[in-house]
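[1] what's the 3D shape of this:
(2 chains)
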Amino acid sequence: MKKIAAILATLAVFLIVLVVFIIPQQGGLISSTSQQASTLARADYNETLPIQEVDLGTSGRSIFIAVVMLSHVLFANLHLGGAWVAAGTETAFLRSRKQRYKRLARSITLFNVILFSAGATFAIAGVLFFISLYPAFAAEAFHIYWWPLFAEAILFAFEIFFLYTYWFSWDRISSSWHQALGYGYAVSVFFQTLMINTLASGMLTPGAAEIAWGASGILTMPATALQGWWFNATTWVLQFHRVAASISFFGFLLAMLGMFHYLDRKDPASKTYWDLVGSYGLSWGLLGLVFQPLIGIVFMYTIFRNQPSAFASIMLGSRAWEMILVVGLLSVLFITVLVYLYDRKGKILKVPGNEKLHQLFRIFIVIAAICGIVLVQPFTMAFGINPLGYMSYKLVALFVLIVIGVIAFGIDLIMLREPGKVEWGALSDTSRYAGILAGVLGIFIIIVMGYVRESARSPWIIYGIVPVPGGQSHPTPIPAYQMFVVWAVIIAMVMTIFWFTSKVTAEHPEKAEEV
Amino acid sequence: MDEPAEKRGDDLLGRGMPGWEKAIWALIAVYVVIVLLVFWYLGWSQLGFP
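    Numbers count the residues shown, from 1 in each chain, chains lettered A, B, ... in the order given. As a prediction, the model looks like this:
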């Protein structure tokens, strides 16, 4: 437990330093509305309807949108990432005939069936809030994106069809047809997400310098113009970054819920099973995690080429603290997973001949900690440049973390391949709480990344074209301190929902399984 | 039941490794090289970070 206490203490110190020192030093307390006042004054776009206040201060509207959309993203990612995990887990069952994979695939699918309505409810709430709170933007955006949103509606129907038939046809149709339904569910979610990403990405990197409407008809702009809006510079890179992040998020969520069930259940059979689920979830988490920095740098490069002022804001300017928070959480997550593996795999790696591997994990933890220290160094500060914050150092640190991550992933696969060599069901306190912490960090990273993308385009709703209505009296983005409260509320809410849903959907083994 | 782990030792990463897992390690190696190249090209050459 000392290791977990050390991780939590490090995380607390990091957050305190970030909030008390780095954010003020980087100008993070000054709104983008204030910083871009002169640019906003030249904006050729006016909100004509009166502003609807929500009685939560000057950022009230933004807080409403943040709460529903960031919550929605967490539920939506259950499908974007979880669909692949569910279908893949069933594939693992069909290939290995190990009942635990079938039990887990069923549990995941029922979990997603039940929580589908929660995700849809938050999505609809978000749409209603956009229409009510940002009516001019909503009218323009829904008009430009009519066809992608129409396609999304149809793909929603496909998603519902595949998800529900996948669940209700279990053991009632052939395994090959059932797998087709499972992967059909995953593919339909992929394209449904792509359709909404055409809009989400277009808000940061719009396909034109202004909204130029054409004539009435099937297409309200020339086809090439609409194509530029729909498949703008960041559509595809955002899509793949979201897929990797969703798989990672779902894997760490699975590990966390596995650890909760491990603590909740008293029978040895269940403890063995949920121990295995924890390790299995971490494998998916690591798989998604190691892809994110690679796709992330391509994403950053695309923003640099197409929206350089937004790039400067989030990488070097007053919003750079958000990226420091992301990489800080990422580093702590890597260390947490390594600590889990170090303790979890103590038995497998301590056997004669494998001591070097065990020693290697200890070295990995130290190296990952050093990488974390490098990554959280701010670059631009009020007092000048921090020489430790050069991006060249950070790229090396990120690369090293990826190398360590893929090695940890490979080792985890070995453990799952040879489960007979591991004493399952006898987890150390350290590994148990590391699994839980990995889930919390996985959730936290997702909603911070969502905020980064949104604040990158502040004070614009559509960058450089449609400003956030209200001008200087309604500054954006949401102030940092308020945002930490929003994040805390969302994390507490979704963790409660996920756990109680998982209590209902989890299938437990009736007898000890031969591993 | 598997052979006792004490007798296997480094087999975990050596002779006992199935083919599909060797393929995964090969993919991991390829991925690491791709990351290095992309970081090098975009990070240092194109983005021109300090």
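[2] Correct me if wrong: residue B:36 contacts residue A:402.
    No: Residue B:36 is beyond contact range of residue A:402, at 9.2 Å (criterion: Cβ atoms under 8 Å). Where you see a C-beta, it was placed from the backbone N, CA and C, and this is true even at glycine.
[3] count of residues packed around the residue of the stretch 101-250 of chain A found nearest chain B?
    Chain B sits closest to residue A:237 of the stretch 101-250 of chain A, with a gap of 11.8 Å, by Cβ to the nearest Cβ. The local packing of residue A:237 (other Cβ atoms under 10 Å in any protein chain shown) involves 20 other residues.
[4] Which elements pack onto the host helix or strand of it?
    Taking DSSP states H and E as the criterion, the element that holds residue A:237 is helix A:235-264. Counting contacts by 3 or more Cβ pairs under 8 Å, 6 or more residues apart in numbering or on different chains; DSSP states H and E, helix A:235-264 packs against helix A:60-80, helix A:82-96, helix A:175-204, helix A:268-306, helix A:429-456, helix A:480-505.
[5] let's see 10 Å
    On a contact count with 3 or more Cβ pairs under 10 Å, 6 or more residues apart in numbering or on different chains; DSSP states H and E, helix A:235-264 meets helix A:60-80, helix A:82-96, helix A:99-133, helix A:175-204, helix A:268-306, helix A:320-344, helix A:429-456, helix A:480-505.
[6] Mind checking which of residue B:36 and residue A:402 has more residues around it?
    Under the criterion of other Cβ under 10 Å, the comparison of residue B:36 against residue A:402 puts residue A:402 first, with 23 against 14.
[7] could the helices and strands packed on helix A:235-264 be laid out in a markdown table, adding distance to residue A:149 and mean neighbour count?
    Output for these, formatted as a markdown table (distance: least, Cβ to Cβ, whole Å; neighbours: other Cβ atoms under 10 Å in any protein chain shown):
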| stretch | distance to residue A:149 | mean neighbour count |
| --- | --- | --- |
| helix A:60-80 | 15 | 22 |
| helix A:82-96 | 21 | 21 |
| helix A:99-133 | 10 | 19 |
| helix A:175-204 | 7 | 20 |
| helix A:268-306 | 23 | 22 |
| helix A:320-344 | 28 | 25 |
| helix A:429-456 | 19 | 23 |
| helix A:480-505 | 25 | 16 |
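[8] For the stretch 351-500 of chain A, give me the ranges with low pLDDT.
    A:351-354, A:417-423 (pLDDT under 70).
[9] and the residue nearest to the residue of the stretch 101-250 of chain A closest to chain B when sequence neighbours are not counted, what is it in contact with?
    Counting by Cβ to Cβ, 6 or more residues apart in numbering or on different chains, residue A:237 lies nearest to residue A:299, which is 4.8 Å off, once chain neighbours are set aside. Going by Cβ atoms under 10 Å, 6 or more residues apart in numbering or on different chains, residue A:299 touches A:201, A:234, A:237-238, A:240-241, A:292, A:453.
[10] can you count the residues close to residue 22?
    You didn't say which chain, so I picked chain A. Neighbours of residue A:22 using other Cβ under 10 Å come to 21.
[11] right idea, wrong chain: chain B
    10.
[12] Equivalent analysis for the one 5 residues further on, please.
    Around residue B:27 there are 12 other residues, counting by other Cβ under 10 Å.
[13] so it is in which element?
    Per DSSP H and E, residue B:27 falls inside helix B:19-38.
[14] Just the buried residues of that helix, please?
    Across helix B:19-38, burial judged by 16 or more other Cβ atoms under 10 Å in any protein chain shown covers B:24-25, B:28, B:31-32, B:35, B:38.
[15] Please report the distance of residue A:380 from residue B:22.
    46 Å (Cβ to Cβ, to the nearest Å).
[16] how about the residue in the stretch 201-350 of chain A positioned nearest to chain B, what does it touch?
    For the stretch 201-350 of chain A, the residue closest to chain B is residue A:301, as judged by Cβ to the nearest Cβ, at 4.7 Å. Taking Cβ under 10 Å, 6+ apart, we find residue A:301 in contact with A:237, A:311, B:38, B:41-43, B:46-47.
[17] and those, which are buried?
    Buried among the contacts of residue A:301 by 16+ other Cβ under 10 Å: A:237, A:311, B:38, B:42-43, B:47.
[18] Residue A:88 reaches residue A:254, doesn't it?
    No: look at residue A:88 against residue A:254 with Cβ atoms under 10 Å: they stay out of range, at 11.8 Å.
[19] related to what we said a few turns ago, in the contacts of residue A:299, find the pair that's most separated.
    For the contacts of residue A:299, the maximum inter-member distance is 16.8 Å, found between A:201 and A:292 (Cβ to Cβ).
[20] backbone phi and psi for residue A:466, please?
    phi -110, psi 110 (degrees, to the nearest 10).
[21] The helix holding residue A:237 vs helix A:175-204, what angle?
    Angle, helix A:235-264 to helix A:175-204, by axes from the mean of the first three to the mean of the last three Cα atoms, to 10 degrees: 120 degrees.
[22] and helix A:235-264, how far from the chain's centre?
    Remark: helix A:235-264 is offset 7 Å from the chain centroid, using Cα atoms, centre = their mean, to the nearest Å.
[23] Next, the angle helix A:60-80 makes with it.
    For the pair helix A:235-264 and helix A:60-80, the angle between their directions (the same axes, to 10 degrees) equals 80 degrees.
[24] Not counting stretch A:478-487 itself, show me its contacts.
    A:15, A:18-19, A:23-24, A:28-31, A:56-63, A:65-67, A:70-71, A:319, A:321-322, A:325, A:443-444, A:447-448, A:450-451, A:454-455, A:458, A:477.
[25] try it again with 7 Å
    Stretch A:478-487 is contacted from outside by A:19, A:23, A:28-29, A:59, A:62-63, A:66-67, A:444, A:447, A:451, using Cβ atoms under 7 Å, 6 or more residues apart in numbering or on different chains.
[26] residues contacting the residue nearest the centre of chain A?
    The geometric centre of chain A, computed from its C-alpha atoms, lies nearest to residue A:446 (Cα atoms, centre = their mean), at 2.8 Å. Residues counted as contacts of residue A:446 (Cβ under 7 Å, 6+ apart) are A:73-74, A:77, A:245, A:249.
[27] Need the max-distance pair from those residues.
    Farthest pair in the contacts of residue A:446, by Cβ to Cβ: A:74 and A:245, 11.0 Å.
[28] what would the helices and strands packed on helix A:235-264 look like in CSV with distance to residue A:162?
    Shown next, in CSV, are these (distance: least, Cβ to Cβ, whole Å):
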stretch, distance to residue A:162
helix A:60-80, 10
helix A:82-96, 8
helix A:99-133, 11
helix A:175-204, 4
helix A:268-306, 20
helix A:320-344, 31
helix A:429-456, 24
helix A:480-505, 18
